Structures are given as C-alpha cells and as structure tokens.
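[1] Just a sequence and a predicted model for now, questions to come.
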Amino acid sequence: MLEKINALKEEITSATASDLKGVEELRIKYLSKKGAISLLMADFRSVPAEQKREVGQKLNELKTLATEKIASLKESFASDGDKEMEEFDLTRTATSLNPGTRHPLSIVKNEMLRIFEGMGFTIAEGPEIEDDWHVFGSLNFPPDHPARDMQDTFFIARNPADILLRTHTSSVQTRVMEKTQPPIRIVCPGRVYRNEAISARAHCFFHQVEGLYIDKNVSFADLRQVLLGFARQMFGPETKIRLRPSYFPFTEPSAEMDISCDICGGKGCAFCKGTGWVEILGCGMVDPNVLEACGIDSKVYSGYAFGMGIERITNLKYKVKDLRMFSENDIRFLREFESAR
Ligand code: DAH
C-alpha cells in the first residue's frame, strides 16, 4: 500500500498537461470517483490496524497533493478573463452612480400633492392641448367676456372649434365633472401656457395645481379650512392666511388667498412689500353655471375650487427670485436641491 502511494506521489508530482483538456483528464485519472486515489481509499479497509494511522496520513497527503497540482495546472491555462473573474469581488460595495437631482418644481409639486392626498383628494390630469370649451366656455367665460383677455392664449387652430394650449388647469375640472358625478375631490397638477414676454416674473409656460371639491352642502368654511391646512403643512404651523374678495368667471363668490410673509414673520419687509402678506392662490365657490355646463345639478350640489402656481409656491419656499431659473437647467442651480426630496 505504502509503495503504491509513493509511486502515485511521484507520478502526480511530475505530471504535466498541454491544455485544459489534459488537466481534466488528469483530474479524472486521479481524483474522480473511480480514479487512482479513490481506489486506494477503497483498499484502505484491508490495511492492518497498526498501519492504519500512517497509511491514512499518507493517503490524505496524496489527495491534497493531487488537488493542489490539478488546481495549479488549471490556473496556468486559465484565460485572462477567468483570472479577472476570480479577482471580481462580489462582496464589495458598488461605486455609486450619480443619479442627478429632482427638479425643484417636481419636489414642490410632489409635496403639494402629498398634502392634498392626506386630506382625501385624488389626482386627476388632463391634456395640455385643449379646446375653447374646456378652457373657457364651460367655465362661464361668455364669447365676448373681457375675462378672456385676462389670459393671452396660444391658439393652435381657430376653426372650426378653437384648439389652444391651455392657459390654466381649471380645464381639468370640466373634464372630470363631465365624466363623473359627485362627490368629486381632485387636485390637478400640470403645465399651462400663456403668451407672455419672458422675464424674471413671467414665462410663456408655468405650472399649476388646481383643486376641486363637489358634494352636497359644501361651504366656503370647508374651503377655508382645507386651504389653511395646506398653508400650514407647506409653510409651517405658525402660518396665517387671509382671504380677499376677488373675481373669476368660474367661481362666485371668488377670493384670493394670502399667507403671512415667511421671511419677516408678518412684520413687513421688502419681499412682502411691507404688507406682511404674500398672495398664493385664487379660489371660490364653483359658479352654478359651471356645474350645469358640466352636467351636474346645481340645486343638489355645490362645491369649491382653487388654483395656484407651483412656481409661486417654490419661489416662496426656496426664495428663488427669477422664474427663468426653472427652465434654464443651470446645473449649479439644480444641485442646490440635492438634499431636498
Ligand atoms: N384659473 C385661475 C388662474 O389661472 C386660478 C384659479 C382661481 C383657479 C380660482 C380656480 C379658482 O379653481 O377657483 O389664474
């Protein structure tokens, strides 16, 4: 037995192979189930008890030698690719990708939607290319009403039905009311377009969030409470609101809402022009004519609506003074919002 082991030891030590196939043949010859070493292991049973210790040790050494020999032969034929794979450490943490940042308007829009969703509103969206009916007609703008001049519109086609870029997201109100009976409780985010010269304070496109709630017995007090809740979640629990009478064709009564100036805390500063208040939105009780135009019985249902600019809210929240910053994609500006989410 010992002789056989020694002979195999020599054989294995001097074994060579010319390629990976040869190495595999050697592995089969010595290490496979029916290989030389396994056969010796099988004979081990017949070794006399007093020799078992020595023979067992030698056999184990032989097996280790063969295993190492095969491994080293294999490695000498391994391709560079295989070697790279061996060095490829799957437990290492990945190098971080730079995923960019969320746009400030998206950050603020998401936060606005989150607040309204928390108050039971769902999100509705409508098309940016609209017709006259959804943007003006259904919202109580008579054909020659001067309110139509309040918004300079981009027209795409003037006939037969005027096709235009929506000037406000109030058009989504109509789209939803035409298809759904109350209760309706929606917020509608989206881009709107107006034919304005671009400056720090005006742009030819910007973004709004529209709100609409229609049900039985909806009151102005409900509107006020929802807007107060929004203002406090958005600008802090100390925020105060004030509603001033205003005019919109689609609401009656109508109001504009101011919040206490975030910068001076209401004392009066350059930002709020000394008044202590800044305007953030328009709102009111939905005009019965609008409900009827959209197929909702105004004797049974009432509701409120509000609309605000996302740029305006972002300006107040992050003190961005120039509207053009939002569309210029200056990477230094965008990076400032890296930590906001
Ligand atoms: N559509 C108005 C605008 O673009 C904003 C607005 C005011 C929306 C009052 C409303 C509202 O729903 O009730 O200036």
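    Perfect, I can see it now.
[2] C-alpha only now, for contacts and for neighbours.
    OK.
[3] can you give me the strands for the protein?
    Remark: strands assigned in the chain by DSSP state E are 122-123, 129-131, 155-157, 163-165, 184-193, 205-215, 241-248, 251-260, 277-286, 302-309.
[4] can you tell if the fourth one touches the ligand?
    It refers to strand 163-165. No - among the residues of strand 163-165, none lie within reach of the ligand under C-alpha under 6 Å from any ligand atom; the closest is 12.9 Å away.
[5] If you count contacts, what does that strand end up packed against?
    Here strand 163-165 touches strand 129-131, strand 155-157, going by 3 or more C-alpha pairs under 8 Å, 6 or more residues apart in numbering; DSSP states H and E.
[6] Any idea which of those strands gets closest to the ligand?
    strand 129-131 (14.4 Å; C-alpha to the nearest ligand atom).
[7] hey, least reliable of the helices and strands packed on strand 163-165 by pLDDT?
    Ranked by mean pLDDT, those bottom out at strand 155-157, with a mean of 87.
[8] Could you list the buried residues of it?
    Neighbour-count burial for strand 155-157 flags Phe155 (criterion: 16 or more other C-alpha atoms under 10 Å).
[9] again, but for stretch 227-240
    By 16+ other C-alpha under 10 Å, the buried positions in stretch 227-240 come out as Leu227, Leu228, Gly229, Phe230, Ala231, Gln233, Met234, Phe235, Thr239, Lys240.
[10] Which residues does the nearest residue to the last one once chain neighbours are set aside form beta bridges with?
    Right, the one you point to is Lys240. Nearest non-adjacent residue to Lys240, counting by C-alpha to C-alpha, 6 or more residues apart in numbering: Ser260, 5.2 Å away. Beta bridges link Ser260 to Trp277, judged by DSSP bridges.
[11] Now do Ser260 against the ligand, distance only.
    19 Å (C-alpha to the nearest ligand atom, to the nearest Å).
[12] Offset the numbering so it begins at 28, please.
    Got it, first residue is 28 now, which makes that one Ser287.
[13] mind checking pLDDT for that residue?
    Per-residue pLDDT puts Ser287 at 93.
[14] I'd say it and Ile268 touch.
    Yes - if you go by C-alpha atoms under 8 Å, Ser287 and Ile268 touch, sitting 6.2 Å apart.
[15] Between those two, tell me which one has more neighbours.
    Counted by other C-alpha atoms under 10 Å, Ser287 and Ile268 do not tie: Ser287 has more neighbours, with 23 against 20.
[16] Contact partners for that one?
    Contact analysis of Ser287 by C-alpha atoms under 8 Å, 6 or more residues apart in numbering lists Thr266, Lys267, Ile268, Gly293, Gly303, Trp304, Val305.
[17] What are the boundaries of the helices in this protein?
    Residue ranges of the helices in the chain, as given by DSSP state H, are 29-40, 47-58, 63-70, 76-104, 107-114, 131-145, 159-162, 174-177, 197-206, 247-262, 315-320, 337-345, 352-355, 358-362.
[18] weakest of these by average pLDDT?
    Among these, helix 174-177 has the lowest mean pLDDT, at a mean of 58.
[19] Near the ligand, which residues of this protein? Just list them.
    His195, Ser197, Glu237, Thr278, Gly309, Cys310, Gly311, Ala332, Phe333, Gly334, Met335.
[20] Just to check, the fifth one is in contact with Phe333?
    Yes - proximity of Gly309 to Phe333 meets the contact threshold set by C-alpha under 8 Å, at 5.6 Å.
[21] hang on, the earlier thing: looking at the buried residues of stretch 254-267, which is nearest the ligand?
    Using C-alpha to the nearest ligand atom, those come closest to the ligand at Leu254, 12.0 Å.
[22] any idea how far the residue nearest to the spatial centre of the chain lies from the ligand?
    Centrality entry for the chain: nearest residue to the mean C-alpha point is Arg129, 8.0 Å, by C-alpha atoms, centre = their mean. From Arg129 across to the ligand, the span is 25 Å (C-alpha to the nearest ligand atom).
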